[in-house]
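[1] Predicted model follows, preceded by the sequence.
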Amino acid sequence: MAIRAGVSFREITPQTPVSLTGYADAKRVATTVHDPLLATALHIRSGSQTMILVSLDLLLLHPHTAQKIRTGVSQAVATSQDLITVCCTHNHSGPATARQLCWLSDPTVPKPDPQYLEFVESQAVRAAAEAAATSQQAEFACVTVESSLNADGTIQPGATILALKTPGGPFIAIGAICDVYPAMLDETTVQVSSDFPHYLRQRLHQRLGDGCGVIHLTGPCADKHIELDPRDHTFDGAEQLGIGLADRIADTLGQIEPDQFDADPLLAGKRENVTLPRQTLPVAINAKIKWGDAQVEYDRIKEAPDIDPVSRHAARLAVASTKGTVLVTQLMQSGKAEDILQDYDPLEVQVLRIGKTALVTLPGMLASHYGRKLRENTEPPAQAICLANGDLQGYVVREQAAHAGSFGPMPGPFGPEAGDLLVETALRLIAAR
């Protein structure tokens, strides 16, 4: 039986003025909206099976909030939660939606607004229902756009593309799983924006037609700091990145051969709960020393006229990482983190299948190493989507980074052992097809 597919979106733009989240020690109050934030839903149906992917232009979601959306979507489209995933793009220029251990004592980081969260939940469910109602006959292909580094140091992001088109006709839905997260707009940005995904969607509509919906997803890339790209960290830089990636996606789509499309892929979904091990963080006094050293270095270079922007960004990230590590270490060692962390046991690993394509949806943001590990141990290579069905209270870095005391801009309670367990669970679910 031929599949059906559809995409729909609803705005989740907050009312202004609104405090933005995404960076430590940066008070940002937006009084204007540069571009709308979206809740986008992709609907795929084959026979009696219906799959829904929901993507939100937000930094992250608490697992309970994600579960509310899944429950609402399940009821709205009459499908199993095994086939529903709710993700965030990891946008750094939107409102707060969950508390983070590494920012609890930061007065510049806003608290979540319960009314806004309710609004997001309802809009996400409506987008899913509308995507189902407007679906049409389709065929499916999965292709890859490789990442690269330009000679000038600018990043050419890669993406895995879920392509759906009418048989013999135009594209109707594109899912772009990007290997960098939306943080081209830095801590000086004081407008609500979805960052480079706005320009990517806009450009793909120009190239593929307004009838093609675009859902933006983010793969494991905690260690791919787009903040260190030498482009201007302004809307101009975000536009350059988004348009460049969109053009490469559109060019790749134009090269897909007709026999690469599957008109009748089987849909399936499996989930498994896991209890993640906590990582051993540095002794508090050692963490404080590293924070102090990072702060001294940042103070030294931030006003220097001959320091390039990339070095300045790197120094600022080092301060955010070491300061956050101190706070998370203190909260965990004192036991004060348990009130928050009790909501993170268990967590969920999910595997969705569209024909031969396996999509692994993982909570939180993981280093790119874990995505590579999944791809290298599956055939065809499985594709990971991060920040799915909840966050992890911080980044999960690879073992070498943790040993060096580098836990990323958002240090958290879960380390490399947790990342390995998530991958092992996903591989087991894939093998048990």
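    All right, it came through fine. Numbers count the residues shown, from 1 in each chain.

[2] So in the protein, where's the weakest helix or strand by average pLDDT?
    None of the helices or strands of the chain scores lower by mean pLDDT, DSSP states H and E than strand 148-149, at a mean of 87.

[3] Determine the set of other helices and strands touching the helix or strand just after it.
    Using DSSP states H and E, the helix or strand that follows strand 148-149 towards the C-terminus is strand 155-156. On a contact count with 3 or more C-beta pairs under 8 Å, 6 or more residues apart in numbering; DSSP states H and E, strand 155-156 meets strand 148-149, helix 235-253. C-betas here are computed from N, CA, C, even on glycine.

[4] Now do Met1, the pLDDT please.
    At Met1, the pLDDT value in this model is 63.

[5] So what's the residue count around Asn377?
    Neighbour count for Asn377, taken as other C-beta atoms under 10 Å: 15.

[6] packing partners for the helix or strand harbouring Leu352?
    Using DSSP H and E, Leu352 sits in strand 347-354. Secondary-structure packing of strand 347-354 (3+ C-beta pairs under 8 Å, 6+ apart): strand 49-56, strand 267-274, strand 357-361, helix 416-431.

[7] Other residues contacting it?
    Strand 347-354 is contacted from outside by 44, 51, 53, 63, 82-83, 85, 140, 142, 162, 265-276, 358-363, 382, 388-390, 392, 422, 425-426, 429-430, 433, using C-beta atoms under 8 Å, 6 or more residues apart in numbering.

[8] could you redo the last one with a cut-off of 7 Å?
    Strand 347-354 has contacts (C-beta atoms under 7 Å, 6 or more residues apart in numbering) with 44, 51, 63, 83, 85, 140, 265-274, 276, 358-363, 388-390, 422, 425-426, 429-430, 433.

[9] Ok, stretch 263-282 next?
    1-3, 44, 46, 49, 51, 80, 82-83, 139-140, 167, 325, 328-329, 332, 345-355, 402, 405, 413-415, 417-418, 421-422, 425, 429.

[10] rewinding a little: quick one: which of the helices and strands packed on strand 347-354 is nearest Asp247?
    Smallest distance to Asp247 across the helices and strands packed on strand 347-354 (C-beta to C-beta): 21.2 Å, for strand 49-56.

[11] Give me the angle between the helix or strand just after that closest one and strand 49-56.
    Using DSSP H and E, the helix or strand that directly follows strand 49-56 along the chain is helix 63-77. Between helix 63-77 and strand 49-56, the angle comes out at 140 degrees (axes from the mean of the first three to the mean of the last three C-alpha atoms, to 10 degrees).

[12] Begin at 11, not 1, for the rest of this chat.
    New numbering, starting at 11: the last item is helix 73-87.

[13] So which bits of whichever helix or strand comes after helix 73-87 are buried?
    Next along the chain after helix 73-87, taking DSSP H and E as the criterion, comes strand 94-98. The neighbour-count check on strand 94-98 (16 or more other C-beta atoms under 10 Å) flags 94-98 as buried.

[14] same check, this time on stretch 278-287
    So, applying 16+ other C-beta under 10 Å, buried residues of stretch 278-287: 278-281, 284, 286.

[15] Repeat that for stretch 62-69.
    62-69.

[16] Output those residues as JSON lines; include the columns distance to Thr26 and pLDDT.
    Below are those laid out as JSON lines (distance: C-beta to C-beta, whole Å; pLDDT from 0 to 100):
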{"residue": "Ile62", "distance to Thr26": "30", "pLDDT": "98"}
{"residue": "Leu63", "distance to Thr26": "29", "pLDDT": "98"}
{"residue": "Val64", "distance to Thr26": "24", "pLDDT": "98"}
{"residue": "Ser65", "distance to Thr26": "23", "pLDDT": "98"}
{"residue": "Leu66", "distance to Thr26": "18", "pLDDT": "98"}
{"residue": "Asp67", "distance to Thr26": "15", "pLDDT": "98"}
{"residue": "Leu68", "distance to Thr26": "16", "pLDDT": "98"}
{"residue": "Leu69", "distance to Thr26": "17", "pLDDT": "98"}
